[in-house]
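Undergrad: model the following, please.
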Amino acid sequence: MASAVSRTSIELYRDCLRLISHIAPGSTPKSVALRTTLRSQFRANANLTDEVEVENAKAAAVRGLANYMVMEAGGRDKGTGLGKAMRKFNESERPKTESEK
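TA: Sure, this is the predicted structure:
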């Protein structure tokens with residue numbers, strides 16, 4: 001197993017809630033949908049007892065937070081560094097259209 005996530009489930013839940021309030025402040029439809037999704041995901045995993053499954057669920061939550069942070073950093077990047085690399089990667093992965101061939 002990879003390194004264990006040092007945050008408790010409650011700490012991860014609160015971190016996710018803070019992130020949601022940063023992404024979509026107030027009670028907009030987006031924030032309500034994000035909180036509902038977060039709540040349902042944590043409730044779905046509330047009865048896990050196997051340590052490995054718990055760690056996997058916690059790692060998935062941490063990955064979600066990290067992915068958002070990378071995406072946010074790339075969005076602020078104006079044509080250099082991470083944002084440029086992300087665009088280049090995405091362009092190389094998508095199939096070429098007839099006009100681009």
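Undergrad: which ones are touching Cys16?
TA: Listed by CB atoms under 8 Å, 6 or more residues apart in numbering, the contact set of Cys16 reads Leu38, Ala61, Gly64, Leu65. (C-beta placed from N, C-alpha, C; glycine too.)
Undergrad: so it versus Asp50, what's the distance?
TA: With the distance defined as CB to CB, to the nearest Å, Cys16 ends up 22 Å from Asp50.
Undergrad: circling back to that earlier point, going by distance to Glu11, which of the contacts of Cys16 wins?
TA: Taking CB to CB as the measure, Glu11 lies nearest Ala61 of the contacts of Cys16, at 9.9 Å.
Undergrad: helix or strand for that closest one, just tell me which one.
TA: helix 51-76 (DSSP states H and E).
Undergrad: flag every buried residue along that helix.
TA: Glu55, Ala57, Lys58, Ala59, Ala61, Gly64 (16 or more other CB atoms under 10 Å).
Undergrad: what is that helix packed up against?
TA: helix 9-23, helix 81-93 (3 or more CB pairs under 8 Å, 6 or more residues apart in numbering; DSSP states H and E).
Undergrad: what residues does the residue nearest the centre of the chain make contact with?
TA: The centroid of the chain falls nearest to Gly64 when counting by CA atoms, centre = their mean (2.5 Å). Gly64 makes contact with Cys16, according to CB under 8 Å, 6+ apart.
Undergrad: roughly how far apart are it and Glu51?
TA: Gly64 sits at a distance of 21 Å from Glu51 (criterion: CB to CB).
Undergrad: what does Leu38 give?
TA: With CB to CB as the criterion, Leu38 and Glu51 are 23 Å apart.
Undergrad: what do you get for Ser27?
TA: Taken as CB to CB, the span from Ser27 to Glu51 is 37 Å.
Undergrad: worst-scoring helix or strand of this protein, pLDDT-wise?
TA: The least trusted helix or strand in the chain, going by mean pLDDT, DSSP states H and E, turns out to be helix 81-93, with a mean of 70.
Undergrad: right, I'll call it a day here.
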